[in-house]
Each structure stands twice: as C-alpha cells, then as structure tokens.
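J.: sequence first, then the predicted structure, then my questions.
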Number of protein chains: 2
Amino acid sequence: MAKPLILITNDDGIEAEGIHKLAEFVSHMGEVVVVAPDSARSGGSMALTVEIPLRIKECGTYLGMRMLSTNGTPVDCVKIACNVILDRQPDIVLSGINHGSNTGNSVNYSGTMGAAIEGCLRGIPSIGYSCVSHKATSADFDACRQYIERITAKVLAEGLPNDVCLNVNMPVGKPITGIAITQSCRGRWQNEYAELTNPRGQKIYYLTGDYLNLDPDNPDTDLAQIKAGKIAVTPITPQRDATLENFIF
Amino acid sequence: MAKPLILITNDDGIEAEGIHKLAEFVSHMGEVVVVAPDSARSGGSMALTVEIPLRIKECGTYLGMRMLSTNGTPVDCVKIACNVILDRQPDIVLSGINHGSNTGNSVNYSGTMGAAIEGCLRGIPSIGYSCVSHKATSADFDACRQYIERITAKVLAEGLPNDVCLNVNMPVGKPITGIAITQSCRGRWQNEYAELTNPRGQKIYYLTGDYLNLDPDNPDTDLAQIKAGKIAVTPITPQRDATLENFIF
C-alpha cells in the first residue's frame, strides 16, 4: 500500500520557518510534498489568481521532501498541486505553521485557513496550524511538535466529517497543557488603520487594529482556551449557507 | 432624519459598468458613496492588504454620487470606508453588480461576496449582486433594475438577521420571472487549469474549470432557480464554525 500523501502549504511563503517545521514534524507519517507561495501572502483568505498565469518552480528537497513554489496564493497552491503536480489525491492537506494567530473571525481572512478550506472543499481532510504570535521562536514551534503529530496522525487515521476542517491555534511562550475543541471567539475588529503621511505628503493607511472580544465570558472560545494554555482546535466549514425565514419578496 | 447611507463597492474595479449601474439603480434611496478597487480584483475572496499601505483617491462624482477608489481589495474598501472615509456607519453595504456568476461554492472565492460578508461581520445589512454571465450587456443590467430596487429597499427597510447577508445572482439573456430564496448549489470545480507554453518555453497555467453539480435534482439551488429564470437570493453567513462530535484527542 502506498504511504499516505501529505500536501503541505502555507501563506507565509516557501522560505518561512513554520512550513519547514511542519514538514519536519510529519515527515515520518507519509510521502510529503510542499507546494507553497514564493513569498508571503498574509491575509490572502481564499483569493485566487485569475488574471495572470501561474508558474511552478522546483525548489529542491528539505530532509528528503520535495519542495515547490508557485507565484500564486495558498488556495492556488492547493489547486495546482491537486490538478497538475501530484499524481494522486492527497490523503491530507496541512497548512502552516502560520507565524501569527488565526483565532476569532480571522478565519475569514486567513490564507492559512483559506488553503485548509480549499482542501476541505475538495473532500480532503485538512488542517490549518497557527502559532498565536508572530514572535514565535524555534523553541515555540518545537513545543507544539507532539500536538501537531498527535492531531495529524488522528486525522490521517480517522479522517474528518464531510465539510469539516480544523483551525488549530497554538499558544506561544507558555507551557502547553493539552488540546481543547473550541469555538471561534465572536468579536469585531476596530481601529483598523494607522494613518501616516508619506514623503510626498500623501496620507497612507496601514492595516492594524484591535479585536473586540464580544464573548469574553465563554470558556469554550479559542481565545479563552489559548489563554488557559491549551491548543485550540476549532472545527470549520466551507459551507456559508444560512437560513432566512419569513422573508418574502 | 438623515437619509440612509449606502456604501457601494465591487471587485471589478471603480470603472466597471456594473458598479455604475448599481449606484444608478439605488441613487434615489439615500446618500450613496462608492468606494471601490482601482482595478479588477476578481477572485479576491476576503483578502486583505497587509504588507503595503492603502491610498484613497477621490474620483469625482457620478450622477451626483461621490466616487472614491483605493489600491486595495473589496474587503479593504469596506474597512477603509467605515474606518476613514465615512462619518457614520453605513445603513447598507451593496457590492456589485459583478460581471459574472457567484453561485455554488464560488461564494468562497468571490471578491463581490467578500465585501458583502465584511459588511455583515461589521453588523451592517449587506448584499452582493452578480449577473451570471461575463457577457452581460447594458440591457441585461437594466433588466435587473426593478429586482435590485425591490431587494435593496426591503433590506433597507427591514434589515437582515444577525450573521446573514445576501448573495443575489441574476440571470442574463432570458426573461426574469421573479425572485427565489435559494441554496448554494453543492459542487466541485474540476479541470481547473489550462496549460500553455510561454515564449521562453516555460509551462504556465491559467485558472479555468468546470463546476461539477453534485445536487442536480434539487430545485432549490441557485443554479436550478437561475435556469428557471429566477433571481436567486441565497442567505450567506460569515460564521464558519462547525460541530465535531466524539473527536477526543
């Protein structure tokens, strides 16, 4: 029987430490192929590259694993891997390890989770891994290793329900005390722009912002569990349909 | 009492015919401000501009309505409008009219719907309007006018439930026979890349593809209702959380 085929991507780009760590941590579980953007695509959501063509670049191997980059987004990477690069459907799609948090409603904007949701839409068990601080060190990534191995192995062995993928957020800089199934913390971004003036005297606006936690007393949110030292595993669906009762046109 | 404040954006860019038509159709309903990307951002999903600063450009007026562009995505446009440009929260966010379909699982990739979902996350009633063919003519847009007016007026008057926005897809090139509340048609994209060779002998890949309809006998899908000549109104939620029973780590 062929070894499981593990497709790895991210939104921080092929050179990021997080994707190398993720590949290393799961390298013993199957045949790993890394297909990632050639540079950072943070906040890439599920964006597609429509107007320009994609190119695929072989980037050698890392610990024996095949590495490729594209000039596309995380979702493009999953699509072109499944359509062009791989000779069979992956058994699992892993995205990350993201350098930064994808908690709360950030799941909507996250390129890391965009790739995982794309895998899920294709019917492939898929997981996005994120460390909750951009300042995560090698030691922080290594502290997550046993949990990433455990979660990945379980999903490889048992799969996931249809239309469910996992958004895994991992604490940084504190002892990890276990794994919790969580909910995306309800909230809203505010003060989202820093206004500066460029050398030509024009106003420019950088995205920034604070997350207003609208559910601070709920112990089951990703934010609450991470604060308690847990790895937060939030089940996520690609299905966006809602119900609308008694709305007659 | 102040007139309702109507924020309009799109993913085809400020110069597209669709956004001008949409602004024209609703101009009598309130104070309209258009804030749109400076060029096309098709397939932009909910992508954010993180690494570079945004700029805002005043683009004069159209039928008396203020027009502005940014170098950002559709979601960026909604964010910067609400944070920087507008002096009060909009009463409604309208996105479109998209030149092309946003049916089925395309809602995940659509920049048009990305902007509407962003509005919804901000607690603002929001609607994305799409014509289901890139070949839509002025006459096709005009044929949708009365429906866009009716749907927009109803949502302005009554609002929408929390966490619900509307994905409205409109037939092109056939008589429109009414409005239907629909479901996103389940399906999967396949044959997603056209492989070409560029003048330097390199393989390049353009996104393309067919939508495999996995629910062809369901009369309530957006695709089925559009085929029947109806305007398809699909309620959409920004909330991605799923449930995962009996999954113990």
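T.: The structure has been received and is ready for your questions.
J.: for A:Asn102, give me its contacts.
T.: Contacts for A:Asn102 were tallied using Cβ atoms under 8 Å, 6 or more residues apart in numbering or on different chains; they are A:Ser110, A:Thr112, A:Met113, A:Gly128, A:Ser130, A:Asn167, A:Asn169. Yep, even glycine has a C-beta here, placed from its N, CA and C like the rest.
J.: same list (those residues) but as TSV, adding secondary structure and neighbour count.
T.: Converted to TSV, the contacts of A:Asn102 look like this (DSSP: H, G, I helix; E, B strand; the rest coil; neighbours: other Cβ atoms under 10 Å in any protein chain shown):
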residue	secondary structure	neighbour count
A:Ser110	coil	31
A:Thr112	helix	30
A:Met113	helix	33
A:Gly128	strand	32
A:Ser130	strand	30
A:Asn167	strand	29
A:Asn169	strand	30
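J.: okay, those residues in CSV with pLDDT and distance to chain B next?
T.: Below are those laid out as CSV (pLDDT from 0 to 100; distance: Cβ to the nearest Cβ, whole Å):
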residue, pLDDT, distance to chain B
A:Ser110, 97, 9
A:Thr112, 98, 13
A:Met113, 98, 8
A:Gly128, 98, 11
A:Ser130, 98, 15
A:Asn167, 98, 8
A:Asn169, 98, 14
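J.: from those residues, which is closest to A:Ala157?
T.: Within these, distances to A:Ala157 taken as Cβ to Cβ reach their minimum at A:Gly128, with 19.1 Å.
J.: so A:Ile127 sits in a strand?
T.: Yes - assessed by DSSP: H, G, I helix; E, B strand; the rest coil, A:Ile127 belongs to a strand.
J.: now it. Nearest residue, chain neighbours left out?
T.: Of all residues not flanking A:Ile127 in the chain, A:Leu166 sits nearest, at 4.5 Å (Cβ to Cβ, 6 or more residues apart in numbering or on different chains).
J.: would you list the phi and psi of that neighbour?
T.: Dihedral pair for A:Leu166: phi -120, psi 130, per degrees, to the nearest 10.
J.: can you give me the neighbour number for it?
T.: Look at A:Leu166: counted by other Cβ atoms under 10 Å in any protein chain shown, it has 25 neighbours.
J.: near chain B, anything from the longest helix seen in chain A?
T.: The residue-count maximum for a helix in chain A (DSSP state H) belongs to helix A:138-158. Yes - residues of helix A:138-158 contacting chain B under Cβ under 8 Å from any Cβ of the partner chain: A:Arg150, A:Ile151, A:Lys154.
J.: just checking, A:Ile56 touches B:Tyr205?
T.: Yes - counting by Cβ atoms under 8 Å, B:Tyr205 is a contact partner of A:Ile56 at 7.3 Å.
J.: between the two, which contacts overlap?
T.: Counting by Cβ under 8 Å, 6+ apart, the shared contacts of A:Ile56 and B:Tyr205 are A:Ile80, A:Val84.
J.: so for those two, which sits in the more crowded spot?
T.: Counted by other Cβ under 10 Å, A:Ile56 and B:Tyr205 do not tie: B:Tyr205 has more neighbours, with 22 against 19.
J.: in the host helix or strand of that one, what's buried?
T.: Taking DSSP states H and E as the criterion, B:Tyr205 maps to strand B:203-207. Neighbour counts over strand B:203-207 (16 or more other Cβ atoms under 10 Å in any protein chain shown) mark B:Ile204, B:Tyr205, B:Leu207 as buried.
J.: so A:Pro238 is in contact with A:Ile117, correct?
T.: Yes - assessed by Cβ under 8 Å, A:Pro238 is found in contact with A:Ile117 at 4.8 Å.
J.: if we can go back for a sec, among the residues of helix A:138-158 next to chain B, which one lies nearest to A:Glu51?
T.: Nearest member of these to A:Glu51, counting by Cβ to Cβ, is A:Ile151, at 36.8 Å.
J.: show me the contacts for that closest one.
T.: Each residue near A:Ile151 by Cβ under 8 Å, 6+ apart is listed here: A:Ile127, A:Leu166, A:Val168, A:Ile179, A:Ile231, A:Val233, B:Phe249.
J.: cool, A:Ala115 as well?
T.: Residues in contact with A:Ala115 (Cβ under 8 Å, 6+ apart) are A:Thr9, A:Asn10, A:Asp11, A:Pro74, A:Val75, A:Cys77, A:Val78, A:Val93, A:Ser95, A:Ser126, A:Gly128.
J.: ramachandran coordinates for it?
T.: Main-chain dihedrals, A:Ala115, degrees, to the nearest 10: phi -70, psi -40.
J.: state the distance from it to B:Pro238.
T.: According to Cβ to Cβ, to the nearest Å, A:Ala115 stands 19 Å off from B:Pro238.
J.: then A:Val155?
T.: With Cβ to Cβ as the criterion, A:Val155 and B:Pro238 are 25 Å apart.
J.: in stretch A:218-229, what's buried?
T.: Using 16+ other Cβ under 10 Å as the test for burial, stretch A:218-229 gives A:Thr221, A:Asp222, A:Leu223, A:Ala224, A:Gln225, A:Ile226.
J.: next one: stretch A:72-86
T.: By neighbour count with 16+ other Cβ under 10 Å, stretch A:72-86 contains the buried residues A:72-85.
J.: let me see the mean pLDDT of it.
T.: The average of the pLDDT scores along stretch A:72-86 is 98.
J.: swap in stretch A:231-242?
T.: Stretch A:231-242 comes out with an average pLDDT of 97.
J.: contacting residues around the spatially most central residue of chain A?
T.: For chain A, A:Thr112 is the residue whose C-alpha lies nearest the centre (Cα atoms, centre = their mean; 2.6 Å). By Cβ under 8 Å, 6+ apart, the residues touching A:Thr112 are A:Asn10, A:Asp11, A:Pro74, A:Ser95, A:Gly96, A:Asn98, A:Asn102, A:Gly128, A:Tyr129, A:Ser130.
J.: residue contacts, the nearest residue to the second one once chain neighbours are set aside?
T.: Looking back up the chat, that one is A:Asp11. Distances taken as Cβ to Cβ, 6+ apart put A:Gly111 closest to A:Asp11, at 2.9 Å, once the chain neighbours are dropped. Taking Cβ under 8 Å, 6+ apart, we find A:Gly111 in contact with A:Asn10, A:Asp11, A:Arg41, A:Ser42, A:Gly43, A:Gly44, A:Ser45, A:Ala47, A:Thr73, A:Pro74, A:Val75, B:Ala47.
J.: helix/strand/coil for the second one?
T.: The local conformation at A:Asp11, judged by three-state DSSP, is coil.
J.: correct me if wrong: it contacts A:Asn98.
T.: Yes - A:Asp11 lies in contact with A:Asn98 (Cβ under 8 Å); the separation is 6.7 Å.
J.: what touches both of these two?
T.: Residues touching both A:Asp11 and A:Asn98 by Cβ under 8 Å, 6+ apart: A:Ser110, A:Thr112.
J.: between those two, who's got more neighbours?
T.: The neighbour comparison of A:Asp11 against A:Asn98 (other Cβ under 10 Å) goes to A:Asp11, with 33 against 29.
J.: tell me the spacing between that one and B:Ala47.
T.: Shown here: A:Asp11 relative to B:Ala47, a distance of 10 Å by Cβ to Cβ.
J.: going along the chain, name the helices of chain A.
T.: Under the criterion DSSP H, chain A contains helices at A:17-26, A:74-80, A:111-121, A:138-158, A:222-227.
J.: to A:Ser184, which of these lies closest?
T.: From the helices of chain A, taking Cβ to Cβ, the stretch that ends up closest is helix A:222-227, at 6.1 Å.
J.: okay then, goodbye and thanks.
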